[in-house]
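Engineer: Just a sequence and a predicted model for now, questions to come.
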Amino acid sequence: MKLISTTAMALALLTSAAYADGHAACAAGKTLTDGTLTIATGNPAYYPWVMNDAPESGEGFEAAVAYAIADKMGFDADSVTWVRTSFDEAIQPGAKNFDFNMQQYSITPEREEMVDFSLPYYTSAMAVLTTQGVVDAGATATLDSLKGLKWGAVATTTGLPMLTNVIQPDSDPLLYNDNADVNAAIMAGQIDAALYDLPTALYLSAVIVENGALLGQFPAELSETPDQFGLLMEEGSALKECVDAAITALTDSGALAAIEAQWLAEATGVPVVQ
Amino acid sequence: MSTQDRPAASPAAGPTRREVYEAGVRRRANRIALASTIAVVLALVILIPLAPGWEDVKRAFFNGRVFAATFPGLVEAFVLNVMIFAWSAPLIALTGLGIALCRDTRSPALFPLRLFGVAYTDIFRGLPVVLVIYIIGFGVPGLGLPRPWNSPYIWGTLALVLVYSAYVAEVLRSGIDSIHQSQRAAAASLGLSERDTMRYVVLPQAIRNVVPANMNLFIALQKDVALLSFIGPVEIFRQAGVYKSLYANFTPYVGAALIFLALTIPATRYADYLMNKQNRERS
Amino acid sequence: MTAKLSLRGVRKRFGEVEVCKGIDLDVDEGEMVCLIGASGSGKSTLLRCMNLLEPVDDGVILLDGQDISEPGLDPQPVRQKIGIVFQSYNLFPHMSAAENVMLAPRRVYGQSREELRPKLAEMFGRFGLGDRMDHYPDQLSGGQQQRVAIIRALAMAPQIMLFDEITSALDPELVGEVLDVLRDLRGQGMTMVLATHEMGFARELADKVCFLDAGRILEQGPPDALFNAPREDRTKAFLARVL
Ligand SMILES: Nc1ncnc2c1ncn2[C@@H]1O[C@H](COP(=O)(O)OP(=O)(O)OP(=O)(O)O)[C@@H](O)[C@H]1O
Ligand SMILES: [Mg+2]
C-alpha cells in the first residue's frame, strides 16, 4: 500500500512538474511563509482521511489530496508543512496559522459567511452506523424504521440538520464531542445509531465499534444538499483562486477520482435508505 | 442621628455639623466614583474598537444575524438545564445531609459509616466533575443495563449528585461544627437523645447558617449541569456548540453566556445579600 | 436518712489539670446548697459532673442511694431527674420560648403541645413571662431568657435543680427577678445546688454553703457559721475579697 502510494505520488510529481510553474506564480507571496505551504489538519487526524495520524506521509485521502493540490500550486513535498487545529481554532478570529485547513469541513452557506471554502474536493454520502444487535432486533434501511431508533451524532457534524429534518427521529438525538464518545454511547446501549459521512462510518463499523454494522446510506446524488468537503481558508483569502484552480485541474484530469479510488473504500455494498 | 448630637450652638431644627460634613464627604465620593467609572467605560468603548482585530472579533462573537437566528433555540435548550437542575438539587441536598450526618456519627458501631463519609467527601471533592460524569455516565450503563435504565440523564444526574453532595456535606458539616457545644450540652441536660439533639437543636441552626454558602454551591451546580452534554443530552452549552459548528461563529456561546448570567447574577446577588445579612446579625 | 444526692471522693481531670480533687458532699431532700469559691475553683465542673454532662474519673455519685456515676451507664434518665441551668442561658435560638420549653417533654415524655400548653402558661405566668411565650430568645432580655431557661429545666419535672451562676451574666437590676424565682422554688421545697457569687443571697436562703478552693471543698456549713466565723485562712481571704 505504502509503496504504491509513494510511487503514485512520485509519478504525479513528475508529470505535473512541467506546467506547475504557471500556478506557482499564482501562490507567490500569498502564503503564510514564502515558498512554503502550511496545511492544517485535525488533532488527531482520522483514518481514512489521514493514515496513522501522519499527514506528512501523504497517505490517506486528505493527505494525498493535500500533496496533489500543493503540487499543482507549485510546492514540492518538502515545501509543505503541517499544523494541527481544532474546529474552533480554525474559525476563531485573528491571524490564522495555516494557509488552508483540511479536515472534512462541509461547505455550507452559513459557514461561508464567516470563512472561505475552496471548491469541493469530495462529495460524501451520509451513512447510518449501528450495531449488529440493532439490525438483528429488526432495524432496516427505511425512514420508518430509522425514526424509531435512538440517535446520536458528533455535535459538530453538518449531518445534524439531515438527522432532524430528514429522519425526524421520535426521540431527541444525543450529541457528543467526538467519535470516541459516540462509540462509548453505542457500547453503553444509550444510542442505537449514529449518523456519519460514509467513509468514516465504514471505518468505524469495520474497526472501532464492536459488532458495528452499516444500516444504510443516503447517497449524495439523492440528497438536496449533498455533504461536500472543502478546504477552509480565512475569509477573503488571496489564496482561494489558486487553490480552486488546482482543484479544478485535479478534478478535470481525473487525478482526484483516482486518489479517491485509492484511499476511500468502495461503498457499493451499503444499501440505500428508502 | 439623634437630637443629642446637635451642638448646643444651633438649637434650630436642621442637619447637625456632623451630618453636614458627612454629606459633603459622600457627595465628593460619589463624584469621584462616577468620574472614574465614566473614564473606564469610555476607555473600553473607544480603545477596544481601535484594536486591529476588532471587526473580526465582532463578526465572530457579536454577530447580530447569528444571534437572532440561534437565541430562541438556546433558550429552548436551557429549559433542559433548568430541568436537570430542578431534579438534581433536592437529591444533592438530601444526599449531602446524609453524608454530613455519617461524618458526624460518634458511636463506634457506626464507625464504618463515618469512614464512608470521610472517603466519600475526599474522593468526590478531589475529582473533576466532568471526569465523574464520563466514568459514571458511560461506565455504569456499559455494564449492560437495559433501556431506560442506562439513560445518560439518570447516570449523569447521579454523577452531579455524587460530586455536589460531597461539597454540600462539607458545608453542612462546618455548619454543624459551628453550633456551639453549649447548645448540645443544653439539649443533653434536658435528657434529649443524641438523635433528637441533632434533629431538633443542631441541624435547624446549622442549616440556617450555611444557606448562603450552599446558595453559592447551587449556583455552581447550575453552571455544571452543562457538563452533562459530554455524555449526550443537548442542553444549552451543547446546543450553542452545534450552532457554532453550523454557522462557524462563536456568537451562540455569547448568547448562552447571557442566558446563564440572566439566572446566575440575580442568584449570586441574593446569596451575597443573605451572607451579608448573616454577618451583620452575627456582629 | 440517706441524702438525696451524695458525692464521695469525686475526681475529675482535664488533661493535666485535676479540677476536682476528691469532693465529698451531701445534699438532702428539699435542701438548698450553695457552692462559692474563686473563679476556676471547679464549681461549674462539679455541677456538670452531678448531672453527668461530664463523666467523673473516680469516686461515686449517688442519687437516692443509687450509683449514677458508674461508667457506661445511660446518662439520659439521670439527666431527666437532675435539671441544670447555665450561666449563659443556652436557649435554642431558633425556637420560641414556649417551643424551647416544650421540646424535651414532647420528645422524651411524648407529651403533646396541647397538654403541655396550659401547664406552661401557668409557669410562664408565675415567673412573670405570661406575655412572652411566643417570643424568640433574641427578643427577650437577659433576665427573661434566664427565667425561660429555668422553666425549660423545670418542665422536665426534675427532682434536683442545679444552677450555675445564673445571675452573673445579668445586669444588676435583672438579678432580682431571677433570684425571686429561686426563692419561689425554695419555698416549694425543690432540692437545689447553686454555684453563685451572690453572697447575700446565699446567706439569706442557703441551708448549707460550701467553699471550693482549687478542686476541694475546703470548708462547709450553715451560712451563718461560714460567713461569720470561717475557720480556714483561705476562706477568710476569699470572703474578705467578695464581701
Ligand atoms: N472542658 C474543659 N477542658 C479543660 N479544662 C477545663 C474544662 N472545663 C473547665 N476546665 C478548667 O477547669 C477549671 C475549673 O473550671 P470551672 O469552670 O469548673 O471553674 P468555676 O469555679 O466554675 O469558675 P467560674 O467562677 O469562673 O465559673 C478551670 O481551670 C478551667 O480552665
Ligand atoms: Mg463556672
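Structural biologist: Perfect, I can see it now. Ligands and ions are numbered 1, 2, ... in the order given.

Engineer: Wondering if the helix or strand harbouring residue B:237 reaches chain A at all.
Structural biologist: In this structure, residue B:237 sits in helix B:236-247 according to DSSP states H and E. Yes. Helix B:236-247 is in contact with chain A by Cβ under 8 Å from any Cβ of the partner chain, via B:238, B:241, B:242, B:244, B:245, B:246, B:247. For glycine as for every other residue, the C-beta is placed from the backbone atoms N, C-alpha and C.

Engineer: residues making contact with that helix?
Structural biologist: By Cβ atoms under 8 Å, 6 or more residues apart in numbering or on different chains, the residues outside helix B:236-247 that reach it are A:87-88, A:91, A:108, A:110-111, A:113-114, A:155-158, A:160-161, A:175, B:63, B:66, B:69-70, B:73-74, B:76-78, B:80-81, B:226, B:229, B:234, B:249-250, B:252-253, B:255-256, B:259-260.

Engineer: Just the residues you listed: which are in helices?
Structural biologist: With DSSP state H as the criterion, helices contain A:87-88, A:91, A:110-111, A:160-161, B:66, B:69-70, B:73-74, B:76-78, B:80-81, B:252-253, B:255-256, B:259-260 from among the contacts of helix B:236-247.

Engineer: out of those, which touch ligand 1?
Structural biologist: Near ligand 1, judged by Cβ under 6 Å from any ligand atom, there are no entries from these.

Engineer: which of those are buried?
Structural biologist: A:87, A:91, A:110-111, A:160, B:66, B:69-70, B:73-74, B:77-78, B:80-81, B:252-253, B:255-256, B:259-260 (16 or more other Cβ atoms under 10 Å in any protein chain shown).

Engineer: what's the burial count for the closest residue to residue A:138 other than its chain neighbours?
Structural biologist: In space, and not counting its chain neighbours, residue A:138 is closest to residue A:145: 7.6 Å by Cβ to Cβ, 6 or more residues apart in numbering or on different chains. The tally of other residues near residue A:145 (other Cβ atoms under 10 Å in any protein chain shown) stands at 17.

Engineer: got a list of contacts for the helix or strand residue A:145 falls within?
Structural biologist: Using DSSP H and E, residue A:145 falls within helix A:143-147. Helix A:143-147 is contacted from outside by A:128, A:138-139, A:166-170, A:193, A:215-216, A:273-274, using Cβ under 8 Å, 6+ apart.

Engineer: Need those in CSV (columns: pLDDT, neighbour count and secondary structure).
Structural biologist: Shown next, in CSV, are those (pLDDT from 0 to 100; neighbours: other Cβ atoms under 10 Å in any protein chain shown; DSSP: H, G, I helix; E, B strand; the rest coil):
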residue, pLDDT, neighbour count, secondary structure
A:128, 91, 30, strand
A:138, 86, 8, coil
A:139, 86, 21, coil
A:166, 84, 16, helix
A:167, 87, 21, helix
A:168, 90, 10, coil
A:169, 92, 16, coil
A:170, 92, 11, coil
A:193, 93, 26, strand
A:215, 88, 25, strand
A:216, 88, 23, strand
A:273, 77, 22, coil
A:274, 71, 11, coil
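
Engineer: Could you single out the nearest of the residues you listed to chain C?
Structural biologist: When those are compared for distance to chain C (Cβ to the nearest Cβ), residue A:170 wins out at 51.7 Å.

Engineer: Just confirm that closest one contacts residue A:164, I think it does.
Structural biologist: No. Assessed by Cβ atoms under 8 Å, residue A:170 is found out of contact with residue A:164, at 12.0 Å.

Engineer: who in the stretch 101-250 of chain B is up against chain C?
Structural biologist: Going by Cβ under 8 Å from any Cβ, the residues of the stretch 101-250 of chain B near chain C are B:182-183, B:185-193, B:196, B:200-201, B:204-205, B:208.
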